[in-house]
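[1] Take this sequence and fold it.
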Amino acid sequence: MDAEYAAAPGPGTYTAISTPAHSFVYHWVDGVTNHLNLAGTTSNDVTSVDLICVYLQPTGNPFVSTLAANVPVTSGSFGKTVTIPRLLANCRLRAVPSGDPMTGYLGAYAGPIMYMYG
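    This next block holds a predicted model:
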């Protein structure tokens, strides 16, 4: 399901995907289940995250593909093996606090770029 997401719900809110630690190339294979391990940290006020892949469309509007929703955060950490549903455009992986509406600023949510081919 594709959705739009927002900036921090409170002052000082942040998330950071640390696995994978850097931008990477993902080989998507048609006809099989494609998995990716994601993990990271959050500020103490975040209780769950949605793991998303976001890129800017030619119109300048963000396009968001949700890879996992409502991933629990325990003691400021999260982890999840997600399924990549289809070959996606190159995008930045983000963990955003679950259910946030889009405000246009995603800078508080750090993550690597996933370059895909298949």
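
[2] In this protein, mark out all the strands, start to finish.
    Using DSSP state E, the strands found in the chain span residues 15-19, 24-27, 34-42, 48-56, 62-72, 77-84, 91-97, 109-110, 113-117.

[3] for stretch 55-75, which positions count as buried?
    Buried positions in stretch 55-75, judged by neighbour count with 16 or more other CB atoms under 10 Å: Pro62, Val64, Ser65, Thr66, Leu67, Ala68, Val71, Val73. Every C-beta, even on glycine, is put in place using the N, C-alpha and C of the backbone.

[4] How much space separates the first one from Ser77?
    I take that to be Pro62. Remark: distance between Pro62 and Ser77 (CB to CB, to the nearest Å) = 26 Å.

[5] now the fourth one
    Relative to Ser77, Thr66 is positioned 20 Å away (criterion: CB to CB).

[6] just for this protein, where's the confidence low?
    For the chain, the stretches flagged by pLDDT under 70 are 1-11, 100-105.

[7] what's the distance between the most far-flung residue of it relative to its centre and Ile84?
    Outermost residue of the chain with respect to the C-alpha centroid, by CA atoms, centre = their mean, is Gly31; its distance is 23.6 Å. Distance, Gly31 to Ile84, by CB to CB: 13 Å.

[8] Also Asp45?
    Taking CB to CB, one finds Asp45 at 29 Å from Ile84.

[9] out of those two, which sits in the more crowded spot?
    Set Asp45 next to Ile84 and count neighbours by other CB atoms under 10 Å: Ile84 wins out with 19 against 15.

[10] Bridging across strands, which residues link to that one?
    Asn34 (DSSP bridges).

[11] ok, now Gly40?
    Beta-bridge pairing of Gly40 under DSSP bridges involves Ile17, Phe78.

[12] tell me the contacts of it?
    Neighbour list for Gly40: Thr15, Ala16, Ile17, Ser18, Thr19, Ser77, Phe78, Gly79, Ala95, Gly111 [criterion: CB atoms under 8 Å, 6 or more residues apart in numbering].

[13] if we go to 10 Å?
    15-19, 21, 49, 51, 71, 73, 76-80, 93-95, 109-111 (CB atoms under 10 Å, 6 or more residues apart in numbering).
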